[in-house]
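> Just need the structure, nothing else, for what follows:
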Amino acid sequence: MEKIRELISLLESGIEDYDAQMKVLQTERLKYIRLSITDGFGTEEGDSKQSWLLHLKQLEDSLSLRRNTIRQAIREAADAIQKEENA
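Now for the predicted structure:
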């Protein structure tokens, strides 16, 4: 039962972090769309269209990594619980 509680705690934390990061990504996508519509991209390294695309890609990659980490934690916890039951 302790393993299940640990998993629940891990999932709650992971999902909260994931949701917060998803909100950031959505906000940044909206900013990108606004800049695209108004042709408001700058020429400096931090505000060019390429910089924005890289930034969005990094946020998306981070979300994928978080999601995969949560999935892996679930698998590992399920394996551990199953091993305990079979022991």
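> Helices of this structure, start to end?
Shown for the chain, the helices assigned by DSSP state H span residues 2-38, 49-86.
> Stretch 43-56 spans what distance, first to last residue?
End-to-end distance of stretch 43-56 (Cα to Cα, to the nearest Å): 18 Å.
> actually stretch 32-47, not the one I wrote
Terminal residues of stretch 32-47 are spaced 10 Å apart (Cα to Cα).
> Now do that stretch: distance to the chain's middle.
Put simply, stretch 32-47 sits 24 Å off its chain's centre (Cα atoms, centre = their mean, to the nearest Å).
> Same question for stretch 45-56.
19 Å.
> For residue 42, which non-adjacent residue is closest in space?
Nearest residue to residue 42, sequence neighbours excluded (Cβ to Cβ, 6 or more residues apart in numbering): residue 48, at 6.1 Å. For every residue, glycine as well, the C-beta is placed using N, CA and C.
> Does that neighbour touch residue 41 like I think?
Yes. When contacts are counted by Cβ atoms under 8 Å, residue 48 is listed as touching residue 41 (5.7 Å).
> Please name the residues that touch the residue nearest the centre of the chain.
Among the residues of the chain, the one closest to the centroid is residue 63, at 2.1 Å (Cα atoms, centre = their mean). For residue 63, the contacting residues are 18, 21, 22, 25, by Cβ atoms under 8 Å, 6 or more residues apart in numbering.
> Buried members of these into PyMOL, please.
The PyMOL selection below is limited to those of these classed as buried (16 or more other Cβ atoms under 10 Å):
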select buried, resi 18+21+25
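> Same list (the contacts of residue 63) but as TSV, adding distance to residue 8 and pLDDT.
Formatted as TSV, the contacts of residue 63 follow (distance: Cβ to Cβ, whole Å; pLDDT from 0 to 100):
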residue	distance to residue 8	pLDDT
18	15	93
21	20	96
22	21	97
25	26	97
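> mind checking how far the nearest residue to residue 66 once chain neighbours are set aside is from residue 69?
Spatial nearest neighbour of residue 66, chain neighbours left out: residue 18 (5.0 Å); criterion: Cβ to Cβ, 6+ apart. Using Cβ to Cβ, to the nearest Å, residue 18 is found at 9 Å from residue 69.
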